[in-house]
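Trainee: Quick one: sequence and predicted model below, then my questions.
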Amino acid sequence: MSETSSRGPRMSVVIPYYNHGRLLPEALQAIAQQSTPPFEGIVVDDGSTDDSIARLQSLATEMPWLQIRRHDENRGVSAACNTGRARVRGDFVLFTAADDRLDGDMVGRESAAAAEFPTTGIVFSDRAEMSLDGCTTRVIPLDLPHVRR
């Protein structure tokens, strides 16, 4: 990714994963195609035993913004999130997973929400389920008062 403009906070994306090498290309492509690119992308391998690292190294040649961190052994998703968070240089962190596909405006919406409420400590979204082909989406709204949305 590149330096973002001064219009809003710098959004970093962190993907912790374990043995999801086959899912990483699609997840990272969705991040690369954001309408508002993230400030950076950090992938944390939590001691995978599959071919994840080889796949990531291949993808990194096409995605120079991609940072790869690796645990020597599986320590759990919280430890992987913490490893990624410790490397972040942005103002906010968007955590996602290797089996998630961010829609094309996710980073932009999260950045806009963070900019609108600059003293916010956390920004999150409704949950959505997407069909395997990406053609249909079902949004499951969080049970929050309208004023907080």
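Mentor: In hand now; what should we look at?
Trainee: Report the buried residues of stretch 75-90.
Mentor: 80-81, 83-84, 88, 90 (16 or more other CB atoms under 10 Å). Where C-beta positions appear, they are placed from N, C-alpha and C, glycine not excepted.
Trainee: Let me see the ranges of the helices in the protein.
Mentor: 24-32, 52-60, 77-87, 106-116 (DSSP state H).
Trainee: quick one: the last one to helix 24-32, angle?
Mentor: Inter-element angle recorded for helix 106-116 and helix 24-32: 40 degrees (by axes from the mean of the first three to the mean of the last three CA atoms, to 10 degrees).
Trainee: other SSEs contacting helix 106-116?
Mentor: strand 11-17, strand 92-95 (3 or more CB pairs under 8 Å, 6 or more residues apart in numbering; DSSP states H and E).
Trainee: Contacts for that helix, please.
Mentor: If you take CB atoms under 8 Å, 6 or more residues apart in numbering as the criterion, helix 106-116 is touched by 4, 7-9, 11, 13, 31, 34-38, 91-92, 94, 120, 123, 125.
Trainee: now swap in the first one and tell me
Mentor: For helix 24-32, the surrounding residues in contact (CB under 8 Å, 6+ apart) are 13, 15, 17, 38, 41, 43, 52, 55-56, 59, 63, 65-66, 96-104, 107.
Trainee: can you pull the alpha-carbon coordinates of that helix into PDB?
Mentor: Written as PDB, here are the backbone C-alpha positions of helix 24-32 (Å, rounded to 0.1, in the frame of the first residue of the first chain):
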ATOM      1  CA  LEU A  24      -4.600 -16.200   1.700                       C
ATOM      2  CA  PRO A  25      -4.500 -15.200  -2.000                       C
ATOM      3  CA  GLU A  26      -8.200 -14.400  -2.200                       C
ATOM      4  CA  ALA A  27      -8.200 -12.500   1.200                       C
ATOM      5  CA  LEU A  28      -5.100 -10.500   0.300                       C
ATOM      6  CA  GLN A  29      -6.500  -9.700  -3.200                       C
ATOM      7  CA  ALA A  30      -9.600  -8.300  -1.600                       C
ATOM      8  CA  ILE A  31      -7.400  -6.000   0.500                       C
ATOM      9  CA  ALA A  32      -5.300  -5.000  -2.500                       C
END
